[in-house]
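> Predicted model and sequence follow; I will ask about them next.
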Amino acid sequence: MSRAWPVSRIAVTEHLRYADGSLDPGAQAWPPLKETYPLTTRSTPQGMKAFLVLWAGQFISSVGSSVGGFSLGVWVYERTHSATSFALVAFVGTVTMLLLSPVAGAVADHWDRRKLILLADVGSAITTSTLAVLFFTGRMQPWMVYPLAVLMVTFLAFQGPALASSVPLLVGRKQLPRASGMAQTGRAVSQILGPLTAGVLIGRIGYQGVALVDALTYLFAVTMVLFIRVPPPPPLEGAAVKRSVLANLAFGWNYLQERKGLVALLVVFGVTNFCMGMVQVLLTPLILSFATPVELGTVSSTAAVGVLLGGLAVAIWGIPKNRVLTVLGVIALQSVILFLGGAQPSIPLIALAAFLFMLAIPFAMASTHTILQSKVASAVQGRVFAVSGMIAAGSVPLAALLAGPMADKVFGPLLLPGGKLADTAVGHLLGIGPGRGVGLMFIGLGAFSLIAVGISALNPRLRNLETEIPDAFLPEPAAPKPPVAGEPGLEGA
């Protein structure tokens, strides 16, 4: 039975203009005053159906990326036997992402977001295909990993704002928490499947085969995007995309500054991400100081299962109504869990701490994404999200650089035999030996994060964020109308 899907329309009341009232030449693509344009086309998936199609393609490509990334990391370590070289790949990727975020956010506001998603997936497919050719021909060298990583992160940087700002336009306000939960679940599953699948594929098809599989998953994502349409955001006066990176950064920052509660929320994440970034870097040295790589894998898998279950819970049941309180409560809980993870050199204890820590993440991320997507106008989400991402994640590279030296030179020696804290109550409680200094760092980072949350909770702008800042206008997806006899396109229904 065929069905005609209705064509939704939205009135465009004004061209995009600069703050001084002059018309942005780049906004001429908008229809003339008071004209209308279709948001969707006949027989194109709408609402949650469109999101599911998009999600399926991105999920498969994320699994491929996880497989490819893990395999490439193993290859680098096998060739260089250098932990520094291994860590430098992640550092280069993080810095590239931060530098490109302002440009990517502006582009997402100015260009067709669906086309951006497509171009990013096509670019990623070409890059991974190039990697496969280098492996096949035997020309792959360790130094080549860095420019390839920069290229891959570049495509990801431009795709991220386009994807994030497309979701509210596809699913509407009511389904945002569940859509965010599904996104968290997809990432968790890819984190679980990636290393496991890579371990099997490397032995059977080699690194070149793994890179080729990764490229094919991106082509699948491209196919899925071709089946959907992403509605354009309603225009916002004064939101025209500026011509320089600094101007777009200034616009995003000014937009947030007018909403002090959002800035306070992002500062909380900036401080706590610094702590959690150190934890992420030091977890492997902590475990390997007294356990085997197999046990490290067990802890990693347990943590990934925690994210998966948390994401499923959010996707099924949603998030609490008080989203700000949810974010602060989750961060406080994670801070306390760090005490548990650093207390003793015990795999069951650390695995339990990792599971609980990661289980809580989807609730905080879904709450934060929902707040931002609800309070920020669709037409400017690309630029605002770029600035918000820089505030929240800008401390992560610094944490990665400081974690190793602080563990090796400062905290580590304190709990070695003969160290300054070896014969104190701290030494008797945490133990003495390799890795115990890292455990002390975990506890210190947990205390610091807990203090940051407590101070933030005293800020009335943050506590009252959801009531003080009005929701931005967001057109809800049109529901399909029942077939009407004689309507064009219903022949044979």
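Sure thing, it's come through. The structure presented is a predicted model; accordingly, all values stated were derived computationally and were not measured.
> what sits against residue 381?
Neighbouring residues of residue 381 by C-beta atoms under 8 Å, 6 or more residues apart in numbering: 108, 109, 161, 164, 165, 168, 233, 372, 373. No exception for glycine: its C-beta is placed from N, CA and C like everyone else's.
> okay, who's weakest in the residues you listed by pLDDT?
Lowest in pLDDT among these is residue 233, which has 71.
> give the contact list for that residue.
109, 165, 169, 377, 378, 379, 381.
> any idea which element the last one lies in?
Yep, that's residue 381 we're talking about. For residue 381, the host element (DSSP states H and E) is helix 381-393.
> thinking again about what came up before, relative to residue 307, which of the contacts of residue 381 is nearest.
residue 164 (18.5 Å; C-beta to C-beta).
> hmm, back to that, so which of the contacts of residue 381 are in helices?
108, 109, 161, 164, 165, 168, 372, 373 (DSSP state H).
> residues contacting the residue nearest to the fourth one when sequence neighbours are not counted?
In space, residue 164 comes closest to residue 385 once its chain neighbours are excluded; the distance is 5.7 Å by C-beta to C-beta, 6 or more residues apart in numbering. Listed by C-beta under 8 Å, 6+ apart, the contact partners of residue 385 are 105, 108, 161, 164, 165, 372, 376.
> give me that answer again for 6 Å
Neighbouring residues of residue 385 by C-beta atoms under 6 Å, 6 or more residues apart in numbering: 105, 161, 164.
> now residue 135
Taking C-beta under 6 Å, 6+ apart, one finds 207, 208, 211 in contact with residue 135.
> that older thread, what's the closest of the ones in helices among the contacts of residue 381 to residue 122?
Of all those, residue 122 sits closest to residue 108, with 16.7 Å by C-beta to C-beta.
> distance of the residue nearest to residue 164 from residue 377?
12 Å (C-beta to C-beta, to the nearest Å).
> Okay, and residue 417 sits in which element?
Going by DSSP H and E, residue 417 is not part of any helix or strand.
> Skipping adjacent residues, who's closest to it in space?
That would be residue 432: by C-beta to C-beta, 6+ apart, it lies 5.9 Å from residue 417.
> my read is the one you found is in a strand, agree?
No. Residue 432 is assigned coil when assessed by DSSP: H, G, I helix; E, B strand; the rest coil, not a strand.
> For the residue lying closest to residue 208 once chain neighbours are set aside, pull up the helix or strand it's in.
Distances taken as C-beta to C-beta, 6+ apart put residue 135 closest to residue 208, at 3.4 Å, once the chain neighbours are dropped. In the assignment (DSSP H and E), residue 135 maps to helix 113-137.
> before we move on, back to that, now the contacts of residue 233 in TSV, please, with extra columns for distance to residue 70.
Compiled in TSV, the contacts of residue 233 are given as follows (distance: C-beta to C-beta, whole Å):
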residue	distance to residue 70
109	34
165	29
169	33
377	38
378	36
379	38
381	31
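> Widest-spaced pair of those residues?
109 and 169, at 12.5 Å, using C-beta to C-beta across these.
> okay, these two: which has more neighbours?
residue 109 (29 against 22; other C-beta atoms under 10 Å).
> how far away is the more buried one from residue 231?
Residue 109 is 14 Å from residue 231, by C-beta to C-beta.
> Over to residue 126?
Residue 126 is 28 Å from residue 231, by C-beta to C-beta.
> what about the two, which has more around it?
The residue with more neighbours, out of residue 126 and residue 231, is residue 231; 22 against 14, by other C-beta under 10 Å.
> quick one: that one from residue 328, how far?
Residue 231 is 33 Å from residue 328, by C-beta to C-beta.
> now residue 423
In terms of C-beta to C-beta, residue 423 sits 38 Å off from residue 328.
> neighbour count winner among those two?
Using other C-beta under 10 Å as the criterion, residue 423 and residue 328 rank with residue 328 on top: 21 against 12.
> In contact with that one, which residues?
453, 457.
> Which secondary structure state does it sit in?
Classification of residue 328 by three-state DSSP places it in helix.
> which SS class is the nearest residue to residue 414 once chain neighbours are set aside?
In space, and not counting its chain neighbours, residue 414 is closest to residue 421: 4.5 Å by C-beta to C-beta, 6+ apart. Here residue 421 is recorded as coil under three-state DSSP.
> need the contact list for residue 421.
414, 415, 427.
> Compare those and tell me which is most surrounded.
Counting neighbours by other C-beta under 10 Å, residue 415 leads the contacts of residue 421 with 24 neighbours.
> residues near the nearest residue to it once chain neighbours are set aside, how many?
Spatial nearest neighbour of residue 415, excluding adjacent residues (C-beta to C-beta, 6+ apart): residue 436 at 3.9 Å. When neighbours are counted by other C-beta under 10 Å, residue 436 registers 27.
> And residue 129, by the same measure?
Residue 129, neighbours per other C-beta under 10 Å, totals 17.
> ok, residue 351 - contacts?
Contacts for residue 351 (C-beta under 6 Å, 6+ apart) come out as 299, 302.
> How confident was the prediction at it?
Predicted confidence (pLDDT) for residue 351: 90.
> Then residue 9?
Looking at residue 9, its pLDDT stands at 30.
> Low-confidence stretches in the protein?
Residue ranges of the chain with pLDDT under 70: 1-46, 77, 81-87, 173, 195-196, 234-245, 293-294, 297, 473-493.
> other SSEs contacting the helix ranked longest in it?
Among the segments of the chain that qualify as a helix by DSSP H, the longest is helix 176-225. With contacts defined as 3 or more C-beta pairs under 6 Å, 6 or more residues apart in numbering; DSSP states H and E, the packing partners of helix 176-225 are helix 47-80, helix 113-137, helix 293-317, helix 347-375.
> returning to that earlier point: the residue nearest to residue 414 and residue 149, how far apart?
To residue 149, residue 421 is 39 Å away according to C-beta to C-beta.
> now residue 175
Taking C-beta to C-beta as the measure, residue 175 falls 34 Å from residue 149.
> And for residue 159?
16 Å.
> neighbour count winner among those two?
Legend: neighbour count by other C-beta under 10 Å for residue 159 and residue 149, higher for residue 159 (24 against 21).
> Let me see the contact set for the residue most central in space within the chain.
For the chain, the residue nearest the mean C-alpha position is residue 160 (7.7 Å; C-alpha atoms, centre = their mean). Applying C-beta under 6 Å, 6+ apart to residue 160 gives no contacts.
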